[in-house]
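Sequence first, predicted model second:
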Amino acid sequence: MTRTGLRGLFPSYSFGLRGGSPASSPRPAPQQRQMKRLSDAMMEDHVVAVEAAIAKWESDAVLFSDERRAEARAFLADVSSLQHSMLLLVSGTGAEGSSSSSSHAALVSAQSVMQAAMSRLEKEFHRILTDNHHSFYPKAVSVRSSSRSNASEDREGDSGGGAEDSAGEFKHTAASSMADLQAIAETMVSAGYSNECVKVYKLLRKSVVDEGLRRLEFDQIGPNSQVHKLDWASLEIKIRSWLLAASAAVSSLFSGERILLDHVFAGHDSIRESIFGDISGDAAAQFLRFPEAVAKSKRSMEKMTRLLDLYDIVSELLPEVDSVFSFESTAPVRDQVLASLSKLGEAIRATIADFEAALQTKHLTSLFPGCGVHPLTRRTMKYIAVIADYETTLTKIFDGSHTAVPLSPSIGEHGERSEVARLLSWLMLELLCKLDAKAATYRDAALSHLFLANNFQCVANRAQACSLRGVLREEWAVRHDAKARHHAERYEQAAWRKVAEAVPAREVSPEEARERMRLFSAEMEAACASQAGWVVADTGMREEVRDAVRGMVLPAYRSFYDRWRATPAVASVARFSPKEVGLRIAELFAGSDHGPGPDSNSGYRIEHDTDSSRLRSSRSM
C-alpha cells in the first residue's frame, strides 16, 4: 500500500520530512514550546508502543476467530489509537514546523505501521468473505438483526435435535462473521483505506452473485436476442426455469446481498450504493429482462398460461425489487421490472384480442365425422378455462382498457361483473353460436342433435371443472348441462323412433306380426349400421343415452318377440333376439370423436407474427 490512503485522510497537511511553518505563524513562547516538545515526546512514545502491539500480529495466524475475538478487538483498538496519534502528530507538525523533525520521523514510522495494519486487515477481510461466502448465501444474512450474543444464546437454548443445533450454529457463524466484517470495514474506511476494502468486497461478492445465478440455472436461459428464435417447446422449458428461479433470485440472492452490504458498510451510503450497483445491478437487470423478451416473441394462445404466470410472479416481486434496489444508481433494475410488466400486459391483451377475432371470423363449414366434440370446442374451452383461472390477474391487466362487448339478454345478468366475466360471456356466446351454425349443416336431425349434445356437454363439463363456474356462476354450467341432455333426448327420438315404432303397440295378426318383425329387423340393422361411427364423448351421457335407447326399444321388442317366436312364419324373419339387440346397442357411441375426414385435425392456432403483423390460422373450418 502507498501513502495515498493517509494523504486522502489528511488532505490539508504535508507529509514531507522537511518543512516549516508559514512565515506568518507566530512563534510560540518558550514555556509553550517546552510543553509542546513534552507532548510530542509522549505522542512519539505512544506511537512506538502501538507499533509494537500491532507488529506482533504480522504472522499468518488467523486473527478473527471465536477463540481470539478479544485479541482481534484489541488489534482494532490499537489501529484506531494509532490513527488518533497520527492525527495529533500531523497537527503538531503543521504548527511547529522545522523544530518537529522528530515528530516527522515518528509520523513516517506510524504511517509504515498503519500500512502494515491495513494490509493485515485487508487479508483478514478477504479471508472472512472467502471462508463464509456460503454462510451468506442466500438467506443466512437475515440474522443481521440479531447480535452475536443473541445468536449465541439461541444456540445454547436449543435443546432439540441435530438439525436445530446445526441451524443455530449456522446463524451464530454468520452473525459473528458479519460483525467482524463490519468492524474491519469501519476501521479501514476511517483510516482512509476504503478503496482497498471495497475492491476486495466487490470482487468476492460479485462472484457469489454470479455463482448464485448459475445455481438457479439462469445461465441456461441465454441472451434475449435468441428468445424469438426458439420454438415453443424449448421456450416453455426456459420460462419454467425462470419461474422457478425468480423468487429465489430476488428474495434470497439479491435481497441477501443487500442485507449483508447494509450491515458491513453501515453508515456509508455512497459506498453501499457503489458496491451494490456493481455486484448486483447488471445481473438483476439482465435476469428481469427475460419476461420482456418472452412478451415480444410471437403471440399464440398456447403461450397464454406462461405469460400470465410470468406476469403474476413479476407483480409479486415488484415491491421487493423496489425495496432491494432502492438506490438511485439501481433505478434501471426497477425500471426493467415495470417494463417487463408493461410488455407482458400488452402481449396478453393482444393475444386475447387475436383469440376473439379468430373465434368471431371462423366458419365451421365442413361436417365433422362422428358428431363428437369438435376441436374448436375443445381448444376454445381450454383457453377460456385459462382466462377464467386467471381472472384476478386479467382484471388487473385489463383495468378497464378492454373494449366492452355487446351482451345478449341471456347473459345480461353478468353485465355488472368484471371485464373478465364480460369477456368470457362474449366468448362463450360466440362459441355456442358457431356450434348452432355447424349443427344446422347436418341434413340428419339425429346427427345435428347428437353433435350439439356432445359439444354442449363438453362446455358444461369444462365449466364445472374450472374457475369458469365461479366467474359465470354455477347456474350457467347447470343450464348448459340441461341443454346437452335436451339435445340427447331429441337425438334419441330422431334416431330410434322408427325402430321403436316398428314394434306394434296392439295385438296383430300373424301376417302383420311377420311384417312388423321384418320391419324391426331392417330398421335395427339400418340404425346400427348408420350410427356405427357416431360418438357420445362424455362417459356419463353415453350410458344415459344407451339406457334411454334400450328403454325405447327393448321392453316392447322383448314382449313382441316372446309372443311370436314360437310361430315359425314370424320367427323365420326375426334377425335379432332381445339379447342381441341389447348387445348391439351396448356397442354404439364408443368410437373416436376425431374420425377421419377434412375436419379430423381441425381446430385453430392463433399466432401473431410481430414482424409482418399478420393474423393467421392453421386451417379454415
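Structure received. Numbering: from 1, shown residues only.

State the pLDDT value of the most centrally placed residue in the chain.
In the chain, the residue lying closest to the centroid (C-alpha atoms, centre = their mean) is Leu243, at 3.4 Å. At Leu243, the model reports a pLDDT of 94.

So it lies in a strand, does it not?
No: counting by DSSP: H, G, I helix; E, B strand; the rest coil, Leu243 is located in no strand; its state is helix.

So which residues of the stretch 351-500 of the chain form helices?
375-389, 391-398, 419-439, 445-465, 468-471, 474-501 (DSSP state H, counting those that start in this stretch).

any idea how far Val535 lies from Phe576?
23 Å (C-beta to C-beta, to the nearest Å). Every residue, glycine included, has its C-beta placed from N, CA and C.

which of these two has more neighbours?
The residue with more neighbours, out of Val535 and Phe576, is Val535; 24 against 18, by other C-beta atoms under 10 Å.

What sits closest to the more buried one if chain neighbours are left out?
With C-beta to C-beta, 6 or more residues apart in numbering as the criterion, Val535 has its nearest non-adjacent residue at 3.8 Å, and that residue is Gly372.

can you tell me which residues contact Leu204?
Listed by C-beta atoms under 8 Å, 6 or more residues apart in numbering, the contact set of Leu204 reads 126, 129-130, 133.

Please give the element, helix or strand, for it.
Assigned by DSSP states H and E, Leu204 belongs to helix 194-215.

Could you break this structure into its assigned domains?
4-20+27-195, 196-358, 359-495 (automatic domain parsing).

For the first one, give the mean pLDDT please.
Right, domain 4-20+27-195. 66.

closest to Ser177 out of the helices of the stretch 351-500 of the chain?
Taking C-beta to C-beta, helix 391-398 is the member of the helices of the stretch 351-500 of the chain nearest to Ser177, at 41.8 Å.

Who are the packing partners of the closest one?
helix 304-324, helix 331-361, helix 419-439 (3 or more C-beta pairs under 8 Å, 6 or more residues apart in numbering; DSSP states H and E).

Next, the angle helix 419-439 makes with it.
100 degrees (axes from the mean of the first three to the mean of the last three C-alpha atoms, to 10 degrees).

How far away from the center of its chain is helix 391-398?
16 Å (C-alpha atoms, centre = their mean, to the nearest Å).

quick check: angle from it to helix 331-361?
100 degrees.

Please flag which of the contacts of Leu204 sit within strands.
Secondary structure from DSSP state E places none of those in strands.

a markdown table for those residues, including neighbour count and distance to Asp180?
Listed next are those as a markdown table, based on neighbours: other C-beta atoms under 10 Å; distance: C-beta to C-beta, whole Å:
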| residue | neighbour count | distance to Asp180 |
| --- | --- | --- |
| His126 | 16 | 12 |
| Leu129 | 21 | 10 |
| Thr130 | 11 | 13 |
| His133 | 15 | 14 |
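
still on that earlier bit, and the residue nearest to Val535, its phi and psi?
Backbone geometry at Gly372, expressed as degrees, to the nearest 10, gives phi -80, psi -160.

how about stretch 506-517: buried residues?
Counting neighbours by 16 or more other C-beta atoms under 10 Å, one finds that the buried residues in stretch 506-517 are 508, 513-517.

whoops, I mixed them up, stretch 457-477
457-463, 466-469, 471-473, 476-477.

gap between Glu419 and Arg473?
In terms of C-beta to C-beta, Glu419 sits 16 Å off from Arg473.

before we move on, the earlier item: quick one: which of the buried residues of stretch 506-517 is nearest Ala388?
Arg516 (53.2 Å).

Just to be sure, the closest one is in a strand?
No: read with three-state DSSP, Arg516 is helix and lies in no strand.

Once you drop chain neighbours, what's closest to it?
Using C-beta to C-beta, 6+ apart, the closest residue to Arg516 is Pro504 (5.2 Å).

Am I right that the one you found falls within a helix?
No: with three-state DSSP as the criterion, Pro504 is located in coil rather than a helix.

correct me, but it touches Ser559?
No: using C-beta atoms under 8 Å, Pro504 makes no contact with Ser559, being 10.1 Å away.

In terms of packing, which of these two has more residues around it?
Pro504 (17 against 12).

what's the distance between the more buried one and Tyr557?
For Pro504, the distance to Tyr557 - C-beta to C-beta - is 11 Å.

what does Ala548 give?
Distance from Ala548 to Tyr557, by C-beta to C-beta: 15 Å.

and if you look at Ser80?
108 Å.

With neighbour numbers in mind, choose between the two.
Tyr557 (24 against 15).

Just confirm the more buried one is within a helix.
Yes: assessed by three-state DSSP, Tyr557 belongs to a helix.

How about the contacts made by it?
Contacts of Tyr557 by C-beta under 8 Å, 6+ apart are 503, 520, 578, 581.

again, only using 10 Å
By C-beta atoms under 10 Å, 6 or more residues apart in numbering, the residues touching Tyr557 are 499-500, 502-503, 517, 520, 524, 550, 574, 576-578, 581-582.

re the thing from before, redo the buried residues of stretch 506-517 as a markdown table? Include pLDDT and distance to Ser323.
Output for these, formatted as a markdown table (pLDDT from 0 to 100; distance: C-beta to C-beta, whole Å):
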| residue | pLDDT | distance to Ser323 |
| --- | --- | --- |
| Val508 | 93 | 90 |
| Ala513 | 96 | 90 |
| Arg514 | 96 | 91 |
| Glu515 | 96 | 89 |
| Arg516 | 96 | 86 |
| Met517 | 96 | 86 |
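
now, which of these sits nearest Leu427?
Arg516 (50.8 Å).

give the contact list for the closest one.
Contacts of Arg516 by C-beta under 10 Å, 6+ apart are 501-504, 508, 560, 564, 570, 573.
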